[in-house]
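Enquirer: Fold the following, please.
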Amino acid sequence: MLKATIFEAKTNLSDLVKQAQRGETVVITSGRDKTPVARLEAIHPVKKKRLGVMETPGFVLSDAFFEPLPEAELKLWNGEDE
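Expert: Alright, predicted model coming up:
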C-alpha cells in the first residue's frame, strides 16, 4: 500500500493512477498528522503480460528468431524421420 499527501497526489496523479492500475492501493492523507482521507484503487487492474515465468531485463529476441527453420529441423518438429 502506497501513501501520498494531497499535495503529492495532485503533483503525481498520473503516476499514482498507473500504480493503481498495476494493482497497488494508494491511500491519500491530509494534515500534519497525515490522516487517511481517501483511497485510490483501479476499477479493473491491468494484468501484466509476460513471456515465460521469469522477467529478464533487457531480453531482446534477435532477428534469427523470426527466420524460417531449416528443412531438416522442420521435419523433426512435424514428427518425420530424417
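Enquirer: Tell me which other helices or strands the helix ranked longest in the chain touches.
Expert: The longest helix of the chain (DSSP state H) is helix 13-21. On a contact count with 3 or more CB pairs under 8 Å, 6 or more residues apart in numbering; DSSP states H and E, helix 13-21 meets strand 2-5, strand 26-30, strand 35-40. The way it works is simple: take the backbone N, C-alpha and C, and place the C-beta from them, glycine included.
Enquirer: Run the angle between it and strand 35-40 for me.
Expert: On the basis of axes from the mean of the first three to the mean of the last three CA atoms, to 10 degrees, helix 13-21 is oriented at 70 degrees to strand 35-40.
Enquirer: where in the protein is pLDDT low?
Expert: 48-58, 82 (pLDDT under 70).
Enquirer: picking up where we left off before, could you give me the buried positions within the longest helix of the chain?
Expert: 16, 19-20 (16 or more other CB atoms under 10 Å).
Enquirer: Go through these and say which is closest to V37.
Expert: L16 (14.4 Å; CB to CB).
Enquirer: measure that closest one to F59 for me?
Expert: As for L16, its distance to F59 is 29 Å (criterion: CB to CB, to the nearest Å).
Enquirer: ok, back up a step: would you mind telling me which of the helices and strands packed on helix 13-21 is nearest W77?
Expert: Comparing the helices and strands packed on helix 13-21 by CB to CB, strand 2-5 comes nearest, at 47.5 Å.
Enquirer: and that closest one, how far out from the chain's middle?
Expert: 21 Å (CA atoms, centre = their mean, to the nearest Å).
Enquirer: Stretch 16-31 too?
Expert: Its chain's C-alpha centre lies 16 Å from the corresponding centre of stretch 16-31 when counted by CA atoms, centre = their mean.
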